[in-house]
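[1] predicted model, plus sequence, below.
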Amino acid sequence: MRVTLTVNNQRREDEIEPRMLLVHYLRDVAGLTGTHVGCETSLCGACTVLLDGNAVKSCTVLAAQADGAKVTTVEGLAQDGKLHPLQEGFWEEHGLQCGYCTPGMIMASVDLLSHNANPSEAEIRHALEGNLCRCTGYQHIIKAVQYAANKMRSGKAAA
Amino acid sequence: MAVIPKFVGERIKRREDPRLIQGQGIYVDDVRLPGMLTAVVLRSPHAHGKINSIDLGAARRAPGVVAVLSGEDLKNKIGTLPCVAPAERIPFHPVLAIGKVRYVGEPVAVAIASDAYRAQDALDLVEVDYDPLDAVVDPEKASADGAPILHDEFATNVALKMEVPSPAMDEAMRNADKVVRFRIVNQRLAPIPMEPRGVVAQWNPGQRYLTVWSSTQIPHLLRSRLAEMLKLGENRVRVIAPEVGGGFGCKLNVYGEEALTAHLSMLLGKPVKWIERRRENIAGTTHGRDQITYLEVPVRKDGIVLGIKARFICDMGAYLQLLTPAIPGFSALMMTGCYKIPAMSFEQVMVFTNKIATDAYRGAGRPEACFIAERVMDVVAGELGLDPAEVRRKNFFSKDSFPATTAAGLVYDSGDYAQALDKALAMVDYKKVRAEQEAARKQGRYIGIGLASYVEICGIGPSAMLPPKLQGWESATVRVEPDSKVTVLTGVSPHGQGQETTFAQLVADAIGIDIDDVNVVHGDTAIVQYGVGTFGSRATALGGTALMMAVGKVQEKMKKIASTMMEAPPEQLVFNQRTIALASDLSKSIPLQQVVTAAYDFKQPIPGLEPGLDATSFFEPTGCTFPFGTHVAVVEVDPETGAVKFLRYIAVDDCGKMISPLLVEGQIHGGIAQGIAQALYEEVVYDESGQLITATLMDYAVPKADMLPHYELGSTVTPSPLNPLGVKGVGEAGTIGSTPCVVNAVLDALSPFGITQLDMPLRPEKIWRAIKAAKKS
């Protein structure tokens, strides 16, 4: 079947099998390997992307379900070579070690901050419970999200 | 020009991060080669069974399928999967099962097709006729008479039995005021790196050269073992560890799929990829721990522990993988912990069961050892009515004991256990929190305070201490390029530990250049000289020392060259701000670039020197390093639900000198998370028939962000005298200290109910049932 998706602001038309998962579409058809596969039961969150602005686990979305929609992956975050505040925050606060959970963790955090500009530590832990990390123990991830939230709030205040 | 700062010891952002935060890291599933085929493996659904027949006909005819193979097709083509550690009985370990299956998840057949969807469709058409056999999953039952035998070549399921008696131990038993006896269980765990395993293999028939990308911790060791299994020269095999998404010990191994994928590429003349799914990972990647220990502890009534006698039953799984029978040895060797306990003796029975093999998992034998030592301290304190902090303090090696020889004959390099304990107790305000505990009990609230003072063994060496084909040394090459930038080739294989940053810090400071002038390369056996890899908290202590040795060689050469240009002896010269200068007057200097150009252009030959600036060193350690610390947990147990809430978690760790303090924190946080997980959440469960019950992440409880506390970190710094960096290692320490600390806290909370023993994981239902039972009696 034919699907039309806008991925990171680029419109694409592709011929795919109906059973193709969105994560495989992104990785193998669109060639964007930043989104990772960590499980097949939608537990781990490594595959998290934004679908029309909302975080979804792309391993349990069919590419066909995303027909006509806008998808944002980690590769679509930086603008004109400038990192997104969350990417900066993860770098600044050592919010990653092996990096495998990181793209999904960042996308889930984008979703969180779009709904809650000043989350508490407890709110961040709760919002990220769908994203497993085996390396960091989460504490530096929380600091990364707080860094980004502060930056984005002060950026808005300045504007 | 901007002044170049010092980097070592500073809070430095990682050089690895820019590519990873933008999704540009290439992990093995991101490797794409023209003509690449995909392999999917069919696995045994039975824990134990005879294979009567395998019908591959329909699968072979499925669309897009290039080949489908079973164990019979590989007979005599691929050597056994290796176990390099000694054992009495090491079974042949086939890459695909031949004649028999011995654990749920054992590879039975493989389909290779144009993509994974078509390969899986083909496997759905494979028909395997099994005769199921009785399985055995309890290692105590497996070692008893009448148990189903896993390997027909042996008349028993015992892989290895070790007995280390001690006359000193017998005497300690006689002199004791009391002998404390109890049983502990270190449950089976699954390492669960966020990236499962994966392999891409590409055979180049024209050059007779094999390239293998594998998500591995040990590229060089893997190359050696694969070459052996496939009967290729090591000089015709290249192993590349791309970005590796976590390992924690389960990727310190040699797996059937690695050899299989390579063989398939050689057979089919095309690149072949195999990527593990999570269900396969939980069933078919090595597990950790799985030891039952019976303890007898003679004590004096003042709390001095006179000895530890232990009998271990260790579950090996169905086959022995690379280091499977070596792990329990550490549990015995380190079980006297931080303490000057004068006697130890032990017996270990290592048993085959119908499960995947156990092998290294963060701590690899030392968490079990520390659990013994730290439960002993709390149980002794409880039985004698003494404070657990004071019992530890009494039994500690004092700070002037070092180097300290333990009852097992190990020599601890340096330590100050009382200092770490004091710091942790001060951070938690021990007296205050004990008073709060008292007050809370009067209100029917159950607060517990748990301690663990740990010491652990890292950077295992010298090489004579290790089995054949595993080494204790590490390597580095330092190359100053013609433009003065530096390339480092390190034999360690980081997968999150950050040596691209830490090693760049070390070189930048040593040569007076910027951290971004240094490029640290790792994980490719065609580029990097033979190295050993990243595991056992060895990378900075051993790899960093090899690095400094190689740096020293190029520094010496550059100073000799500079000396001819500056008419000052080399000993008076230092590296400073991209110059080589007089130590006594930094303004008298020549540019570093001038020296480098002289070394390469060689317009003025320098007597006694060859052109170039390239040095390789191999560091063979003289002994192991011993990081240590004290962790304290304060928890509250809800008696209505059995739920455990963290009130505080404090960790005081001593890893010697810290090159990169921010990265040290990260290692400790991650280690603590896995240790808390063993205490409270995780457990691999097989049922009586050997079915894996915890087969997905829905059942195997890897902690989520809201299941872990905030960690408060402190540190002490007691350098190791065994390497010039003073580094002890830190990768596993957090995991080792945290598990007993949390268990001690929960049991402390439950002590008013008279509950003194409870097996991990301490899940709410287990706690609730224990409280209920205690209330009844």
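    Happy to help now that I have it.

[2] could you use CA atoms for every contact and neighbour count after this?
    Fine.

[3] which other helices and strands contact the one helix or strand residue A:55 maps to?
    Residue A:55 belongs to strand A:54-57 when assigned by DSSP states H and E. Applying 3 or more C-alpha pairs under 8 Å, 6 or more residues apart in numbering or on different chains; DSSP states H and E, we find strand A:54-57 packed against strand A:48-51, helix A:102-115.

[4] now distance to residue B:351 and mean neighbour count too, for these, in CSV please.
    Listed next are those as CSV, based on distance: least, C-alpha to C-alpha, whole Å; neighbours: other C-alpha atoms under 10 Å in any protein chain shown:
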stretch, distance to residue B:351, mean neighbour count
strand A:48-51, 42, 26
helix A:102-115, 39, 24
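
[5] can I get those in TSV including distance to chain B?
    As requested, the helices and strands packed on strand A:54-57 are exported to TSV (distance: least, C-alpha to the nearest C-alpha, whole Å):
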stretch	distance to chain B
strand A:48-51	12
helix A:102-115	6
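
[6] and the next helix or strand past the strand holding residue A:55?
    Counting by DSSP H and E, what follows strand A:54-57 is strand A:70-72.

[7] just checking, next helix/strand downstream of that following strand?
    Next along from strand A:70-72, by DSSP H and E: helix A:85-92.

[8] OK, contacts around the most centrally placed residue in chain A?
    By C-alpha atoms, centre = their mean, chain A has its centre lying nearest to residue A:107, at 2.0 Å. Contact analysis of residue A:107 by C-alpha atoms under 8 Å, 6 or more residues apart in numbering or on different chains lists A:48, A:49, A:50, A:55, A:73, A:74.

[9] so which of those is the closest to residue B:500?
    Distance to residue B:500 across these (C-alpha to C-alpha) is lowest for residue A:74, with 23.0 Å.

[10] any idea what sits nearest that closest one, other than its immediate chain neighbours?
    Counting by C-alpha to C-alpha, 6 or more residues apart in numbering or on different chains, residue A:74 lies nearest to residue A:103, which is 5.6 Å off, once chain neighbours are set aside.

[11] correct me if wrong: the one you found contacts residue A:50.
    No: assessed by C-alpha atoms under 8 Å, residue A:103 is found out of contact with residue A:50, at 11.3 Å.

[12] overlap in contacts, these two.
    Between them, residue A:103 and residue A:50 share the contacting residues residue A:73, judged by C-alpha under 8 Å, 6+ apart.

[13] report all helices and strands that the helix or strand hosting residue B:451 contacts.
    If you go by DSSP H and E, residue B:451 is part of strand B:446-455. When contacts are defined as 3+ C-alpha pairs under 8 Å, 6+ apart, strand B:446-455 packs onto helix B:366-384, helix B:388-395, helix B:430-442, strand B:628-637, helix B:733-750.

[14] of the ones you listed, which stretch is the most buried?
    helix B:733-750 (a mean of 30; mean count of other C-alpha atoms under 10 Å in any protein chain shown).

[15] and the residue in the stretch 401-550 of chain B positioned nearest to chain A, what pLDDT?
    Nearest residue of the stretch 401-550 of chain B to chain A (C-alpha to the nearest C-alpha) works out as residue B:496 at 3.8 Å. With respect to pLDDT, residue B:496 has a value of 97.

[16] tally of neighbours for it?
    24 (other C-alpha atoms under 10 Å in any protein chain shown).

[17] do you know how far it is from residue B:48?
    When distance is defined by C-alpha to C-alpha, to the nearest Å, residue B:496 is 37 Å away from residue B:48.

[18] residue B:79 now?
    23 Å.

[19] neighbour count winner among those two?
    Set residue B:79 next to residue B:48 and count neighbours by other C-alpha under 10 Å: residue B:48 wins out with 30 against 20.

[20] and the residue in the stretch 101-250 of chain B positioned nearest to chain A, what does it touch?
    When scored by C-alpha to the nearest C-alpha, the stretch 101-250 of chain B has residue B:245 as its residue closest to chain A, at 5.0 Å. Residue B:245 sits next to A:98, A:99, A:100, B:27, B:193, B:194, B:195, B:196, B:215, B:495, B:496 when contact means C-alpha under 8 Å, 6+ apart.

[21] show the pLDDT at residue 59.
    Since no chain was named, I'll use chain A. Listed pLDDT for residue A:59 reads 98.

[22] not quite, I wanted chain B
    In this model, residue B:59 is scored at 98, pLDDT.

[23] before we move on, what about the one 4 residues further on?
    According to the per-residue confidence, residue B:63 scores 97 in pLDDT.

[24] before we move on, what about residue B:764?
    98.

[25] okay, now it: neighbour count?
    Quick note: residue B:764 (other C-alpha under 10 Å) scores 19 neighbours.

[26] now the one 4 residues further on
    Here the number of neighbours of residue B:768 (other C-alpha under 10 Å) works out to 19.

[27] surely it is in a helix?
    Yes: according to DSSP: H, G, I helix; E, B strand; the rest coil, residue B:768 belongs to a helix.

[28] burial measure for the residue nearest to it when sequence neighbours are not counted, as a count.
    The shortest distance from residue B:768 to any non-neighbouring residue, by C-alpha to C-alpha, 6+ apart, is to residue B:642 (4.4 Å). Burial of residue B:642 is recorded as 19 neighbouring residues (other C-alpha under 10 Å).

[29] now do the SS call for residue B:642.
    Three-state call for residue B:642 (three-state DSSP): coil.

[30] how close does residue B:532 sit to residue B:548?
    Noted for residue B:532: a distance of 17 Å to residue B:548, by C-alpha to C-alpha.

[31] before we move on, what about residue B:519?
    Relative to residue B:548, and taking C-alpha to C-alpha, residue B:519 is found at 15 Å.

[32] quick one: which of the two has more around it?
    More crowded of residue B:519 and residue B:548, by other C-alpha under 10 Å: residue B:548, with 24 against 19.

[33] distance check, that one against residue B:662.
    Counting by C-alpha to C-alpha - residue B:548 and residue B:662 are separated by 21 Å.

[34] repeat that for residue B:583.
    Taking C-alpha to C-alpha, one finds residue B:583 at 31 Å from residue B:662.

[35] show me which of these two is the more surrounded one.
    More crowded of residue B:583 and residue B:662, by other C-alpha under 10 Å: residue B:662, with 18 against 15.

[36] quick check: that one is in a helix.
    Yes: counting by three-state DSSP, one finds residue B:662 located in a helix.

[37] now do the contacts for it.
    Residue B:662 sits next to A:94, B:11, B:12 when contact means C-alpha under 8 Å, 6+ apart.

[38] going by neighbour count, which of the residues you listed comes out on top?
    residue A:94 (22 neighbours).

[39] hang on, that residue packs against residue B:666?
    Yes: judged on C-alpha under 8 Å, residue A:94 makes contact with residue B:666 at a distance of 7.3 Å.

[40] which neighbours do those two have in common?
    Taking C-alpha under 8 Å, 6+ apart as the contact rule, residue A:94 and residue B:666 both touch residue A:140.

[41] shaky segments in chain A?
    A:157-159 (pLDDT under 70).

[42] now the stretch 501-650 of chain B
    Ranges of the stretch 501-650 of chain B meeting pLDDT under 70: none found.

[43] quick one, helices of it?
    For the stretch 501-650 of chain B, the helices defined by DSSP state H, counting those that start in this stretch occupy B:544-566, B:592-601.

[44] in TSV: those, plus distance to chain A.
    Below are the helices of the stretch 501-650 of chain B laid out as TSV (distance: least, C-alpha to the nearest C-alpha, whole Å):
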stretch	distance to chain A
helix B:544-566	19
helix B:592-601	31
